[in-house]
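**Q** My questions are about this predicted structure, shown below with the sequence.
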Amino acid sequence: MGVIKIGIIGTGRIATEFMKECDEANNARVVAVYNPHIESVRYFVEKNEFSDELLQTDDLTELFGAVDAVYIAAPHEYHFTYSKQALEAGKHVLCESPLALKGEEALELFEMARDGQLICMEAIPTAYCPGFAGVLRLVEEGAIGKPYDVEATFTKVGNASGREMWGQYAGSFYELGSYVLLPVAKIFGIESEQSYVWSVDSVTGCDSYSKVTITYEGVSATVKTGLGVKSEGELIVAGDSGYIKVPSPWWQTNKIEVHHENPDKVEVYESEFAGSGLRYEMREFANRCDSMEKKKSGVAPVTVTDGEAWSELMSSASLTAQESIWMAYQMEVFAASRADKTVADDDNYAEIAEAQGINMRPLRYWGHRGCCYRYPENTIMAFEAAANVPGITGIEFDVQYTKDRQLVVIHDEKVDRTTNGTGFVRDYTLDELQSLEITPSGRDEVYEVPVDKLDDIHRDAPSLASIQPGDRLHIPTLREMFDVIAPYCKRDGLLLNIELKNSIYRYEGMEQMVMDMVKEYGIEDNIVYSSFNHKSVGLVMEVNPDASTGTLDDDELNCIEGMKKYNAGGLHPGCAGMAVNPSTVKWIIENDIPVRMWTGIEPLFGQSRRMPDVDLRRYALMGTTDIITNAPERYLNS
């Protein structure tokens, strides 16, 4: 077969990693990308600067016609369907875990693969990495005697309230369970007797943390997964003459310890775990596909008859078909344990809140960098358009200063993404910075006022009444922004969230400079100060203990830590990092703490990605009071 041509189904984070790791597999090449929304495919290629030669399609038939195999990186509930469609089309399948959510579905896929003389593999990097193979070899060779117990834990917190916590197939066990089940299947096999499930519920109704005990004849295993509870991510295999410990993160196996009764007797083995590990499963998959094709064509000495060669190939893979089927049955057991649970979606979050005793608070909406879905971000045009959205609460924007200590409004520490310049903001004087021209996000071409949008601009931004087609924009100073927006603050009570961009480069004295200008314009009561550098928020509180402040972070738990340390008044987490345990959410609400959540899920002006079909109101279930969005008009006008 030579180099196997792979098509990716899905355009999320793991698909991006797969593309990058594919360069490390000499016998595989990605030639096509599919998503049912073509805008998502185009943005995936554009954002990651992948080759334009990739086939970009929303047509599965077109995808199948261009590839030898597919890598499926879609949401869990689509794994079985896409795998089945690919096998029906005669394509080899490498599917992200879990391969299927029911044992019978996994069995059906492998039977289809056998009958079609195709390879079907579940993608778990750990299963194919040399370090994990070393663990299994040590067990097999008797390094700890007879193994009696396996404990495997995989938890991660702080980025769990995105896709992972919403929907019927969300939660920690669906997300991470395949990883922790892997060593159990490899060491104890698939003839388990009973599985006992205990879980902590999240505010969305799925599991925040799960602990599953699996019994066999004479031995047992315990596996733990968490998205809202953190535990030590280690693998322990206990035997009658010692135990194997793989330190956290065990799933990226690069160190193995063999312990004995004598605490001074510890053997340590080290092994490289390269990149994200996807290259291991990729090489294994490509090799299996190549071997199968050679056998089918008669190039190899063994031909495919009655599924014998298929069985030989699949059993020699690090994760066998039988083990994947067993893991799918464990997913089914887990689902049965939660049959009485109701999971939140865009239609029932209010009912879920009532059932859990969560008093959802009314939501308010802010423009993130203005109306930056419709207009270039952090420009007077975007700010005034946001100020004129009926019902809006406020505008969020970012402040840095120049080489000559002039306050300017720009998000990135470098000018590359939003202007036709390059380099750091701090290395430009104000005159030099304002000679640059605004570009749509990530684009090379300079933004020019379009003829067909002129009436909209004049309506949305009255201060730009003199602007004409072809005119270009520049980075505004904080003073220019206040000149236009402060009157809205005084007339309409518009609030302004000033993000102090102090987290990567420390702008000494910027807090005082900003606060002085706020006072000059007489809008102190309209300002909320925030920063990823929580010490910067603390400096604001030292100058003015009555100032309205919020700690910024991707992870709400880090926001809480910073708020307590620096006596801030609110939390500014990202939507994917919201706290998911009811106790935390109730504490936030009971203490009347504002939670101004920023989304980042909507496209910025100039980006090709599609507008997601998400009802942001569901985040009130997590204690949110304010939503900072690229498209406030979308929610306030609906």
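**A** Received, thanks. Numbers count the residues shown, from 1 in each chain.

**Q** Flag every buried residue along stretch 464-473.
**A** Residues of stretch 464-473 classed as buried by neighbour count (16 or more other C-beta atoms under 10 Å): 464, 467, 473. In short, each C-beta sits where N, CA and C put it, glycine included.

**Q** what mean pLDDT does that stretch have?
**A** Averaging pLDDT along stretch 464-473 gives 94.

**Q** average model confidence for the lengthiest helix in the chain?
**A** If you go by DSSP state H, the chain has its longest helix at helix 278-297. In this model, helix 278-297 has a mean pLDDT of 85.

**Q** Doesn't residue 190 belong to a strand?
**A** No. Residue 190 is assigned coil when assessed by DSSP: H, G, I helix; E, B strand; the rest coil, not a strand.

**Q** Quick check, it in contact with residue 330.
**A** No. Using C-beta atoms under 8 Å, residue 190 is not in contact with residue 330; the gap is 9.8 Å.

**Q** Between the two, which is the more surrounded one?
**A** residue 330 (25 against 16; other C-beta atoms under 10 Å).

**Q** I'd assumed residue 221 was in contact with that one.
**A** No. Using C-beta under 8 Å, residue 330 is not in contact with residue 221; the gap is 10.7 Å.

**Q** Mutual contacts of those two, please.
**A** Counting by C-beta atoms under 8 Å, 6 or more residues apart in numbering, the common neighbours of residue 330 and residue 221 are residue 214.

**Q** Can you tell me the SS state at residue 136?
**A** Quick answer, by three-state DSSP: residue 136 is helix.

**Q** would you list every one of the helices in the stretch 501-638 of the chain?
**A** Along the stretch 501-638 of the chain, the segments classed as helices by DSSP state H, counting those that start in this stretch run 510-521, 534-543, 556-566, 582-590, 632-636.

**Q** do you know which of those lies nearest residue 107?
**A** Smallest distance to residue 107 across the helices of the stretch 501-638 of the chain (C-beta to C-beta): 37.4 Å, for helix 582-590.

**Q** The closest one - contacts with which helices or strands?
**A** helix 556-566 (3 or more C-beta pairs under 8 Å, 6 or more residues apart in numbering; DSSP states H and E).

**Q** Counting by contacts, list what the helix it packs on packs against.
**A** Using 3+ C-beta pairs under 8 Å, 6+ apart, helix 556-566 sits against helix 534-543, strand 548-553, strand 571-573, helix 582-590.

**Q** partners of the closest residue to residue 568 other than its chain neighbours in the sheet?
**A** Spatial nearest neighbour of residue 568, chain neighbours left out: residue 549 (4.4 Å); criterion: C-beta to C-beta, 6 or more residues apart in numbering. Legend: beta-bridge partners of residue 549 under DSSP bridges are residue 529.

**Q** Have a look at this protein and report the helix or strand with the lowest mean pLDDT.
**A** helix 308-316 (a mean of 49; mean pLDDT, DSSP states H and E).

**Q** Which residues outside the next helix or strand after that one are in contact with it?
**A** Proceeding N to C from helix 308-316, the next assigned helix or strand is helix 321-337, under DSSP states H and E. Under the contact criterion C-beta under 8 Å, 6+ apart, helix 321-337 has outside partners 97-103, 105-107, 110, 113, 120, 122, 173-174, 177-178, 181-182, 185-186, 190, 192, 195, 197, 199, 210, 212, 214, 314-315.

**Q** out of the residues you listed, which are inside strands?
**A** The strands, defined by DSSP state E, take in 120, 122, 195, 197, 199, 210, 212, 214 from those.

**Q** Quick one: buried ones out of these?
**A** For these, a burial check counting by 16+ other C-beta under 10 Å picks out 120, 122, 195, 197, 199, 210, 212, 214.
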